[in-house]
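Visitor: Here is the input, now give the coordinates:
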Amino acid sequence: MSLALLSVACRAMTVETTTNLNIYYPDYSRIDLVCGKMPEVADKDVEFCCEAAFTGELLKEFKHTNIADNHICNGEMKRGYRCKANTGGFVWRKGKWKFMRKAAYPTSANGWTMGFCQLLIVKDGSARPIGSRMKTKRDIFRALCEKDGRLCVVESKRYMTYESFVKCLTAYKVTHALYLDMGYGWNYAWYRDNDGRIKERFPESKSATTFKYRTNWITFYK
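Guide: Numbering: from 1, shown residues only. I've put the predicted structure just below:
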């Protein structure tokens, strides 16, 4: 698998590309899980935001209990619905973060600023077992990853099977990887480039009927 690497450094973001992946390294000072309303582009402190945890139902009103599993927002633990699909989690506070199996996810915020549960893809450099349903699923996939002691968001460049995406992540040699919610409507994301311009990922998703039902976003702040 080819790993020809192109890196473009920005004040707000370093974007790397391989044959199969786009990789975003925000130059951030804090991370939060924003719930209820996606951060607006007018917020100059936001560098990157995208969907994080799964949403349960298409509800007209926002409820924390409609987010898959318990999650930490602005230092407060919020109760979500139990999601069997989730096998891992991520927590962050200034200067420290952890990727973990779901059984190790904290029961209280306990000093963590943010956190959420999702499908654990890679742990300690090794791919986790892939369920039969996910193995052949085709989509453009996205994951929160750690590589060489840095956090990044990794996205497939094109439609591929989930199994292929996992192979691409391990070929890129990420230490940890946690799935991020995708699919039409959910895959919309934006970040700020070197000149402060907004770069949208999948802007066509704003016309999806599901777009208004999104519930939570991992958000990197400068």
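Visitor: So the residue nearest in space to the middle of the chain versus W217, what's the distance?
Guide: Central residue of the chain (C-alpha atoms, centre = their mean): L180, 3.9 Å from the mean position. When distance is defined by C-beta to C-beta, to the nearest Å, L180 is 10 Å away from W217. All C-beta spots, glycine's among them, are computed from the backbone N, C-alpha and C.
Visitor: The longest helix seen in the chain - what's its average pLDDT?
Guide: For the chain, the helix with the greatest residue count under DSSP state H is helix 162-171. Helix 162-171 comes out with an average pLDDT of 97.
Visitor: contact partners of the helix or strand following that helix?
Guide: Per DSSP states H and E, the first helix or strand lying C-terminal to helix 162-171 is strand 176-179. By C-beta atoms under 8 Å, 6 or more residues apart in numbering, the residues outside strand 176-179 that reach it are 88-90, 99, 118-124, 141-146, 154, 169.
Visitor: residues contacting the residue nearest to the centre of the chain?
Guide: Shown in contact with L180 (C-beta under 8 Å, 6+ apart): C50, E51, A52, Q118, R142, A143, L144, V153, I218.
Visitor: ok, the fifth one touching E155?
Guide: I take that to be R142. Yes - assessed by C-beta atoms under 8 Å, R142 is found in contact with E155 at 4.6 Å.
Visitor: So these two - more neighbours on which side?
Guide: Comparing R142 with E155 by other C-beta atoms under 10 Å, the one with more neighbours is R142, at 25 against 21.
Visitor: Distance check, the more buried one against G56.
Guide: The spacing between R142 and G56, counted by C-beta to C-beta, is 19 Å.
Visitor: any common contacting residues for L180 and W217?
Guide: C50, E51, A52.
Visitor: excluding its backbone neighbours, what's nearest the last one?
Guide: What sits nearest to A52 in space, not counting adjacent residues and going by C-beta to C-beta, 6 or more residues apart in numbering, is I218, at 4.1 Å.
Visitor: swap in the second one?
Guide: Distance criterion C-beta to C-beta, 6+ apart; nearest residue to E51, sequence neighbours excluded, is D181 at 4.1 Å.
Visitor: thought that neighbour was touching F54?
Guide: Yes - under the criterion of C-beta under 8 Å, D181 makes contact with F54 at 5.5 Å.
Visitor: Need the overlap of contacts for these two.
Guide: Common contacts of D181 and F54 (C-beta under 8 Å, 6+ apart): Q118.
Visitor: about what we covered before: out of the contacts of L180, who's the most crowded?
Guide: The most crowded member of the contacts of L180, judged by other C-beta under 10 Å, is A52 (28 neighbours).
Visitor: before we move on, the earlier item: mind checking which of the contacts of L180 are in helices?
Guide: Per DSSP H, the subset of the contacts of L180 in helices is empty.
Visitor: hmm, who's touching stretch 157-165?
Guide: The contact list for stretch 157-165 (C-beta under 8 Å, 6+ apart) reads 17, 19-22, 130, 134-141, 143, 156, 168.
Visitor: I'd like the average pLDDT over stretch 193-205.
Guide: Averaging pLDDT along stretch 193-205 yields 92.
Visitor: All good on my end, thank you.
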